[in-house]
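# need a 3D model of the sequence below.
(chains A and B)
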Amino acid sequence: EAGVVQSPRYKIIEKKQPVAFWCNPISGHNTLYWYLQNLGQGPELLIRYENEEAVDDSQLPKDRFSAERLKGVDSTLKIQPAELGDSAVYLCASSLATAGGPDTQYFGPGTRLTVL
Amino acid sequence: QKEVEQNSGPLSVPEGAIASLNCTYSDRGSQSFFWYRQYSGKSPELIMSIYSNGDKEDGRFTAQLNKASQYVSLLIRDSQPSDSATYLCAVNPNQAGTALIFGKGTTLSVSS
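Here you go, the predicted model:
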């Protein structure tokens, strides 16, 4: 079974430029997460989707960040314009969440963003 | 604010020893608990999950959960240099499909 796929793996941009990250979750997983991981820190949630609906975007900086999950499968996270402080690893995870059942999240390889 | 606390380390153990990693969490209603291993420059990889009080063993790994004390631990027996990594404790605060709350991770170094 293929894991979570993310692209690109690395991205270097200048500040104020736009950038987009793509994620393809594990087949059949209904829940998709975007996490941000700074150096020396654990991942922190940016946005969570159940199918195509964003059910938790409270930590997403909406002035510059946007995300979509069309058709409830692939997802794209965008930053426009990027700032120096956005340099981090952007992780996508997916899970098959069922009511009352265990929920295991699997992570993709991440996109390492460097903003110059 | 829901928090997960870990000692950042580094925790250094000799090859063959037992490594003990600890984690405490603030939300008493938390239901599920996970340990992820993260090698430098890589993404988190799930190694253990635990949902009930007590011990859960998987090969050289044992997860221990004490909900009354809000404490989770991971024991690694017969530690190998390949176990050298950062170990992230993650807590699901309430139900399936909820985002995990992660600790900052404990760096383990196993010397040969």
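
# which parts of chain B sit against chain A?
B:4, B:8, B:32, B:34, B:36, B:42-46, B:49, B:51, B:88, B:90, B:92, B:95-100, B:102-105 (C-beta under 8 Å from any C-beta of the partner chain). Quick note: C-beta positions are derived from backbone N, CA and C, even for glycine.

# residues touching B:Gly9, list them.
B:Thr106, B:Thr107, B:Leu108, B:Ser109 (C-beta atoms under 8 Å, 6 or more residues apart in numbering or on different chains).

# does it belong to a helix, a strand or coil?
Secondary structure, DSSP: H, G, I helix; E, B strand; the rest coil: B:Gly9 is coil.

# do the same with B:Thr62
Classified using three-state DSSP, B:Thr62 is strand.

# from chain A, how far out is it?
18 Å (C-beta to the nearest C-beta, to the nearest Å).

# which pLDDT value belongs to the spatially closest residue to that residue that is not a sequence neighbour?
Excluding the flanking residues, the one nearest B:Thr62 by C-beta to C-beta, 6 or more residues apart in numbering or on different chains is B:Leu75, at 4.4 Å. B:Leu75 carries a pLDDT score of 98 in this model.

# flag the shaky bits of the chain, pLDDT-wise.
With no chain named, the answer covers chain A. Applying pLDDT under 70 to chain A flags residues A:1, A:98-102.

# my bad, chain B
Checking chain B against pLDDT under 70 turns up B:95-97.

# try 90
B:1-2, B:7-9, B:27-31, B:92-100 (pLDDT under 90).

# hey, where'd the strands end up in it?
B:4-6, B:11-14, B:19-25, B:32-38, B:45-50, B:54-58, B:61-66, B:71-76, B:85-92, B:101-102, B:106-111 (DSSP state E).

# just chain A next, same as before
A:5-7, A:10-13, A:19-24, A:31-37, A:44-50, A:53-56, A:65-68, A:75-79, A:88-95, A:106-107, A:111-115.

# residues contacting A:His29?
A:Ser94, A:Ser95, A:Leu96, A:Tyr106.

# I'd like the distance from it to chain B, if you could.
10 Å.

# nearest residue to that residue in space, ignoring adjacent ones along the chain?
What sits nearest to A:His29 in space, not counting adjacent residues and going by C-beta to C-beta, 6+ apart, is A:Ser94, at 3.8 Å.

# who does that neighbour bridge with?
A:Leu32, A:Tyr106 (DSSP bridges).

# swap in B:Thr24?
On the basis of DSSP bridges, B:Thr24 is bridged to B:Glu5, B:Tyr71.

# residue contacts, A:Arg9?
So A:Arg9 contacts A:Pro109, A:Gly110, A:Thr111, A:Arg112 (C-beta under 8 Å, 6+ apart).

# how about stretch A:17-26: buried residues?
A:Val19, A:Phe21, A:Cys23, A:Asn24, A:Pro25, A:Ile26 (16 or more other C-beta atoms under 10 Å in any protein chain shown).
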